[in-house]
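Student: Let me see the structure of the following:
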Amino acid sequence: LYARWARIPATPDGNYTETVNGLAWTYAVSSGEAIVQRSGSGAAIPTSTAGNVAIPPTLGGCKVVEIGERAFLQCKGLTKVSIPSSVRKIGAYAFQGCENITAITIPPAVTTIGNCPFMDCDRLASISVANGNEHFKVADGALIDVQAHALIQYALGRNGKCTIPDDVHKIQWAAFSRASMLTGVTLPNTLRNIAPWSFENCIALKEVIIPASVTNIAYNAFDSCSALSKVVFAGNSPIVADAAFNEVPGTCVTYVSASSSGWGVAIPGMWKGLSIRHQDVVTYTVTYDPGKYGIGALRADVKTNGVPLTLKGALFAVEGHRQTGWRSGETYPLTHQLNGRYADNASITLYPYWSANQYAVHFNSNGGAGTMADMSMQYALPTNLTKNAFKKNGYRFVGWTTNAYGNVVYADGARVMILTAEQGAAV
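Tutor: I've put the predicted structure just below:
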């Protein structure tokens, strides 16, 4: 029989306070791991704390793995918070009201972030994600959950426009709320849901185009966008809450296509408190042409004015090459990525951009002695074979064959060009 052991945690489960570098921290311990958490109705540290603060990597001898919900609520004097690399979770509203923080980095181990982690962080101009974190990314100031296809939080102190990438399906609760310097936003044609309060109080936002892919706009999504003057719907009416455009100027006009449906009112007229009118949505054609050498049929996409289009991936083939992008002329350099974004409001014809296949040449001594490194070669690029370095007692080297008993095909150091057309092959 064998004894089975369970490690006794350094600190038993419970709630604690510990002073580190003169600062009192409130935390909980669960299964030997520490969670930075609020103290009653206050914060994890005194709300009067000012300047730069580094969250300790351990508390009570336990590794800090989580920042709890509203842990730093209304710590208005903080200008910077460093999060230890051990943290795996950041709770909802974790830094709410930390209005003087200007930048923050999400550590590589973080896998979970709750809603509105930086709500009311009015001066937060930069959010970054540490190298090695595959769960989150930042695009144009927006923190995105890669696996959930969700935009969690925008850097509210950032000035200018935001282009949301094409892999985002939903904008989460209050993600852009009070982004007072957001002057424009481009919504992707993959977006489906706009959550409550998403763009509430974005007072510099003047125009928004809702892609045809959007199926739901929740209550107060654009509440108090006091500069909003134009809303364009590229498709049929999504489900829109009555208060979605609450406190938007009465002069704001909603434009919809004459061929669209589901608005439930006579057009022109009033809809959700806004004036609604018909406006034909302008579209453009993106044509995919295989060109002179490509194999495959002509294809096309329709792009809506003002709404970026996600381009196709590889469509065509040609011997010895693979399609690695698109170009706007058959002999032009690479101009667009596969599955990339096309934002121009113009029709265009795109041709495949080809990259020659790469393969390896392996040298077999066929009973001889010695070593020779593999050669890397490119399809159709003339290259001299490496000089023979093998030896065999009683024999002289006469050339290279393609099998153990074949006739000589290539002389020593021969210049060769096409040994295979297959990408990644070994010959």
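Student: in the stretch 251-400 of the chain, which segments are predicted with low confidence?
Tutor: Scanning the stretch 251-400 of the chain for pLDDT under 70 picks out no residues.
Student: Hmm, residue 287 is touching residue 303, no?
Tutor: No: Residue 287 lies out of contact with residue 303 (CB atoms under 8 Å); the separation is 10.9 Å. For every residue, glycine as well, the C-beta is placed using N, CA and C.
Student: Compare neighbour counts for these two and give me the winner.
Tutor: Just comparing residue 287 and residue 303: by other CB atoms under 10 Å the higher neighbour count belongs to residue 303, 23 against 13.
Student: Return the set of residues that bridge with residue 369.
Tutor: Beta bridges link residue 369 to residue 391, judged by DSSP bridges.
Student: shouldn't it be in contact with residue 390?
Tutor: Yes: Residue 369 is in contact with residue 390 according to CB under 8 Å; the separation is 6.6 Å.
Student: Looking at these two, which has the bigger crowd around it?
Tutor: Shown here are residue 369 and residue 390; by other CB under 10 Å, residue 390 has more neighbours (16 against 10).
Student: ok, now which ones touch the spatially closest residue to that one that is not a sequence neighbour?
Tutor: Take residue 390 and drop its neighbours on the chain: the residue closest to it by CB to CB, 6 or more residues apart in numbering is residue 368, 3.9 Å away. Residues counted as contacts of residue 368 (CB atoms under 8 Å, 6 or more residues apart in numbering) are 390-392, 395, 397.
Student: who wins for neighbours among the residues you listed?
Tutor: residue 390 (16 neighbours).
Student: for that residue, what are its contacts?
Tutor: 363, 365, 368-370, 372, 397.
Student: May I see those arranged in CSV, with distance to residue 177 as well?
Tutor: Shown next, in CSV, are those (distance: CB to CB, whole Å):
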residue, distance to residue 177
363, 64
365, 69
368, 73
369, 73
370, 70
372, 64
397, 75
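Student: For those, work out which two are farthest apart.
Tutor: Maximum pairwise distance among the contacts of residue 390 (CB to CB): 12.8 Å, between 363 and 369.
Student: Residue 86 touches residue 62, doesn't it?
Tutor: No: look at residue 86 against residue 62 with CB under 8 Å: they stay out of range, at 10.0 Å.
Student: the more surrounded of these two?
Tutor: residue 62 (21 against 18).
Student: distance of that one from residue 70?
Tutor: As judged by CB to CB, to the nearest Å, residue 62 and residue 70 stand 21 Å apart.
Student: ok, now residue 308?
Tutor: 36 Å.
Student: cool, residue 255 as well?
Tutor: Distance of residue 255 to residue 70, given as CB to CB: 41 Å.
Student: just residue 274 next, same as before
Tutor: From residue 274 to residue 70 the distance is 35 Å (CB to CB).
Student: Show the pLDDT at residue 10.
Tutor: On the pLDDT scale, residue 10 is placed at 67.
Student: With neighbour numbers in mind, choose between residue 255 and residue 70.
Tutor: More neighbours surround residue 70 than the other of residue 255 and residue 70, with 22 against 17 (other CB under 10 Å).
Student: can you tell me which residues contact that one?
Tutor: Counting by CB under 8 Å, 6+ apart, residue 70 makes contact with 38, 43, 91-94, 96.
Student: if you set the cut-off to 10 Å instead, what comes out?
Tutor: By CB atoms under 10 Å, 6 or more residues apart in numbering, the contact list for residue 70 reads 37-38, 41-44, 91-97, 114, 119.
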